[in-house]
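Q: Sharing a model that was predicted from the sequence below.
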Amino acid sequence: MANVLEIKDLHAGIDGKKILKGVNLTIKTGEVHAIMGPNGTGKSTLSSVIMGQPKFHVTSGDVLMDKESLLNMAVDERARKGIFLAYQYPAEVPGVTNSDFIRTAMKACSGKDVSLFSFIKNYEKACGELKMPEDLAHRYLNEGFSGGEKKRNEILQMKMLKPKFAILDEIDSGLDVDALRIVGENVSNMIDENLGCLLITHYERLLDYIQPDFVHIMINGRIVLTGGKELIAKIDQNGYDWVKEELGIEIEKEEDEEKTHVLLGSCAHNSGNK
């Protein structure tokens, strides 16, 4: 039976600024949903609100997983439920090795001890699939990593933690052609009846590797259009001006989300409160 992540008429903002203005979206395990749209329309805010970033305030609506509301759950509780967020801008954590961090996160999410032998075997296998450096396990989390290494490391965490729903916030930014292919193929190979994916991206090239089942266009804090792969080609060729003409929507000029984007902490599995 598929797990279901449902966003119902979600309104949210930060510091009194309204960003999400009635988002409705349902994702099932086994599905890939891509969200595209101009800068500043709420895409990264949506990912943060689903994960439970405490600085964003939900004013109405709900986020449910298998009909259970997540809104009163802290970030770590949502992670244990099976929600994973891969960052657009992963933070560096000096003093904590990459392997220790991931093994601790696995134990925290599962509530069970993680066999060192089993962990090392799976960790090395995942690193090999992502073509990560051999010394990765002993390096501090993201410290001194290139942009591409940081993005691959987010996918490494995803592979090890095995969430039910993965939210990937512009994991393609900063990746060269080879890294994009490696990341895209690894994510695509993970999608099955146990994993659903919400993919936030500006670029058609990532969607060559991770084939979406649904494509959503987000403008002015709402999903205004849903379709299939045909929307990707149309956006790539014509941008978003056609949406204004076709749907009669005036695209609001809002502050770039990067200026209001706040990290949860070292990753999506730190604790926090609504």
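A: Cool, got the structure.
Q: The closest residue to residue 220 other than its chain neighbours: neighbour count?
A: Closest residue to residue 220 apart from its sequence neighbours, by CB to CB, 6 or more residues apart in numbering: residue 252 at 5.0 Å. All C-beta atoms are positioned from the backbone trio N, CA, C, and that covers glycine. By the measure other CB atoms under 10 Å, the count of residues near residue 252 is 12.
Q: distance of residue 252 from residue 41?
A: 8 Å (CB to CB, to the nearest Å).
Q: shared neighbours of these two, anything?
A: Common contact partners of residue 252 and residue 41 (CB atoms under 8 Å, 6 or more residues apart in numbering): residue 220.
Q: check contacts around residue 134.
A: The neighbours of residue 134, taking CB under 8 Å, 6+ apart as the test, are residue 127.
Q: which SS class is it?
A: Assigned with DSSP: H, G, I helix; E, B strand; the rest coil, residue 134 falls in the coil class.
Q: Quick check on it: phi, psi?
A: The phi/psi pair for residue 134 (degrees, to the nearest 10) reads phi -70, psi -30.
Q: Just the pLDDT for it.
A: In this model, residue 134 is scored at 85, pLDDT.
Q: Same check on the one 4 residues further on?
A: pLDDT, the model's per-residue confidence, is 91 for residue 138.
Q: Name whatever forms a beta bridge with the closest residue to it other than its chain neighbours.
A: Closest residue to residue 138 in three dimensions, ignoring its sequence neighbours and counting by CB to CB, 6+ apart: residue 97, at 5.8 Å. For residue 97, the beta-bridge assignment (DSSP bridges) gives partners residue 140.
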